[in-house]
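> structure, please.
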Amino acid sequence: MTDVYGIHAVAAVLEETPRRVRAVHVQRGRKDPRVEELLQKAKAERIRVAFVDKRWLDRMTRGAHQGIAADCHELSLAVERDLVSAWDELPTPRLLLVLDGISDPRNLGACLRSAKAAGVQAVLLPKRRSAPLNAAALKTAAGAAEGLFIVEVSNIARRLDWLQQQGVWLIGAAGEGTQSWTDVDMTGDIAVVVGGEEKGLRLLTRKHCDQLIHIPMAGGVESLNVSVATGIILFEAVRQRGLASG
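Just a heads-up that it's a prediction; the model follows:
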């Protein structure tokens, strides 16, 4: 089971995938119209509701619950054949995100939140060498993970080859990238590829990218948090596509 906690995260799972929810735990005596609304939603879905002490919720969620938490079955990820089957149905121009080796669940959650906000059609995660999509990741994602097409990939390099065969331009984020992130055309089918927190893109992944880009830094800062950089690049794509359609 996975604990989902916080108002936005619980709201998302109740809205998007209520069948995942085994039970909802609400802080006894909590007076919050947002929590009350979620309570009514859970009852409408015939989900068991339990009123518990704040101490119990604090212990289960390290104090990050906002008065509500849900016991859920694991979030089911898509597999590669699902991506292949759905490919022709994805809206164009396609915008994908490839997360190669994110190790911190909170960074993973923040990347997923940016992906949802930017309208990313699919997020690719390696089956190994990736942070788990656990309670911390889901809390940081603030419900975004529930509505995303997240695909678990057994071999990132092979799947990048496949994307290139579909006409997708692979844009890798790397400090040594030769072009600034705003100087690259992101109006076609693209996949933004980002690496782990410490070492960035792995060598094999880097070699598969069609283009490497960087975000110039000032003030002696060497790099941005991976989730911040991901959001910046994705919303540059959103900006460019808005200009192109306008």
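> what is the mean pLDDT for the longest helix along the chain?
Counting residues, the longest helix found in the chain (DSSP state H) is helix 226-245. Averaging pLDDT along helix 226-245 yields 91.
> and that helix, what other elements does it pack with?
Secondary-structure packing of helix 226-245 (3 or more CB pairs under 8 Å, 6 or more residues apart in numbering; DSSP states H and E): strand 95-100, helix 105-118, strand 169-173, strand 190-195. All C-beta spots, glycine's among them, are computed from the backbone N, C-alpha and C.
> who touches the longest one?
Meaning helix 105-118. Helix 105-118 is contacted from outside by 95, 97, 99, 102, 123, 130-134, 136-142, 144-145, 147-148, 150, 194, 197, 225-228, 230-231, 234-235, 237-238, using CB atoms under 8 Å, 6 or more residues apart in numbering.
> can you select the buried ones from those residues in PyMOL?
Those of those that count as buried under 16 or more other CB atoms under 10 Å are selected in PyMOL with:
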select buried, resi 95+97+99+102+123+130+131+133+134+136+137+138+139+140+141+142+144+145+148+150+194+226+227+230+231+234+237
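> which stretches of the chain form strands?
Assignment of strands within the chain using DSSP state E yields the ranges 2-5, 21-27, 48-52, 68-72, 95-100, 122-126, 150-153, 169-173, 179-180, 190-195, 211-214.
> low pLDDT regions in the protein?
Per-residue confidence for the chain (pLDDT under 70) gives these ranges: 1-2, 142, 219-222, 245-246.
> go ahead and flag the most central residue of it.
Central residue check for the chain by CA atoms, centre = their mean: the C-alpha nearest the mean position is that of Leu112, 1.4 Å away.
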